[in-house]
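Undergrad: Next come a sequence and a model predicted from it.
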Amino acid sequence: MNHTTSPSAELLIATGCVHCPVVLGELSDQLKKGKIASLKITNIAVDNQRAAELNVRSVPWFSLSADTSFMIFSGSYSPKEIQQWLSTSQDKNGMQEYIENSLSNGQLATVLQAIQLAPETFSTVIAMLEDEDTSMEVRIGLDALVESLSATDILKNHAAAFKKIAATNNLRLQIDALHYLALTGNSEHKAFLQEYMNHDDQQVKEAAAEALETLNNLTE
């Protein structure tokens with residue numbers, strides 16, 4: 001991700017695309033106004049290499065990269081919506097707002113792609129998982145997101161955070177964290193999970209047993 005005051009943007013369009021001119025026009029306008037630091041544009045009808053690299057199958061597709069966020073958008077967006085997301089991308093809580101909005105609108109694949117392209121943004125997911133006030137609706141989406149990242153380096157690199165959550169006094173968070181730790185697919189964490197087999201709470205014991213089973217299946 002870039003580290004400038006204004007975000008950078010990348011846009012994929014195609015000749016004949018109905019919605020592309022609106023997005024192209026607005027992003028270009030924001031570039032002229034200095035609201036965007038840079039804008040990379042690719043017409044995939046002419047050069048499909050970038051679309052293949054990003055696994056993009058429909059346009060318009062664009063990304064906004066700011067200091068603490070990386071957001072991906074696909075489909076039709078109005079100038080007003082683009083302006084709002086440009087502003088949000090620069091807010092310290094912008095990535096969280098983006099994730100919550102996308103998951104609530106059934107755009108799991110979009111969030112997944114954003115995190116895969118900018119793994120450092122997964123720290124926002126960790127913060128949301130740690131927050132006891134995160135709604136159940138959002139948690140369901142986060143669960144699906146973490147499941148989709150099963151056995152990836154992204155999860156493996158955040159194992160310490162899952163262990164920290166597992167050590168909290170919140171039963172629900174503990175149970176979730178044990179499952180997430182198992183999804184790292186790293187057998188080094190078996191001993192940690194086994195410790196929770198001796199936990200005072202029966203639900204935590206059961207969660208630890210299930211987590212060990214999941215981990216064993218991933219490492220077979």
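TA: Yep, that arrived. Numbering: from 1, shown residues only.

Undergrad: Now stretch 92-110: average pLDDT?
TA: Averaging pLDDT along stretch 92-110 yields 95.

Undergrad: got the contact list for that stretch?
TA: Stretch 92-110 is contacted by residues 66, 68-74, 85, 88-89, 91, 111, 114, 121, 124-125, 127-128, 137-138, 141-142, 144-145, 148 when judged by C-beta atoms under 8 Å, 6 or more residues apart in numbering. For the C-beta atoms, the positions are set from N, CA and C on the backbone; glycine is no exception.

Undergrad: Name only those of those residues that count as buried.
TA: Buried residues within those, defined by neighbour count using 16 or more other C-beta atoms under 10 Å: 66, 68-74, 85, 88-89, 111, 114, 121, 124-125, 128, 138, 141-142, 145.

Undergrad: Among the residues you listed, which lie within helices?
TA: Trp85, Thr88, Ser89, Val111, Ala114, Thr124, Val125, Met128, Val138, Gly141, Leu142, Leu145 (DSSP state H).

Undergrad: What is the nearest of the residues you listed to Ile175?
TA: Nearest to Ile175 among these is Leu142, at 14.0 Å by C-beta to C-beta.

Undergrad: What lies in contact with the one helix or strand Leu155 maps to?
TA: Using DSSP states H and E, Leu155 sits within helix 153-156. Outside helix 153-156, the residues that touch it by C-beta under 8 Å, 6+ apart are Ile115, Gln116, Pro119, Phe122, Val146, Leu149, Tyr180, Leu183, Thr184, Gly185, Asn186.

Undergrad: and the first one, what pLDDT?
TA: Just to be clear, that refers to Ile115. pLDDT at Ile115 comes out at 97.

Undergrad: Then the fifth one?
TA: According to the prediction, Val146 has pLDDT 98.

Undergrad: Show me what the residue lying closest to Lys40 once chain neighbours are set aside bridges to in the sheet.
TA: Leaving aside its sequence neighbours, Lys40 sits nearest to Glu10 (C-beta to C-beta, 6 or more residues apart in numbering; 4.5 Å). Beta-bridge pairing of Glu10 under DSSP bridges involves Lys40, Ser63.

Undergrad: ok, which stretches of this protein are strands?
TA: 8-13, 38-43, 61-65, 70-74 (DSSP state E).

Undergrad: Those: which one's closest to Lys32?
TA: For Lys32, the closest of these is strand 38-43, at 9.8 Å, according to C-beta to C-beta.
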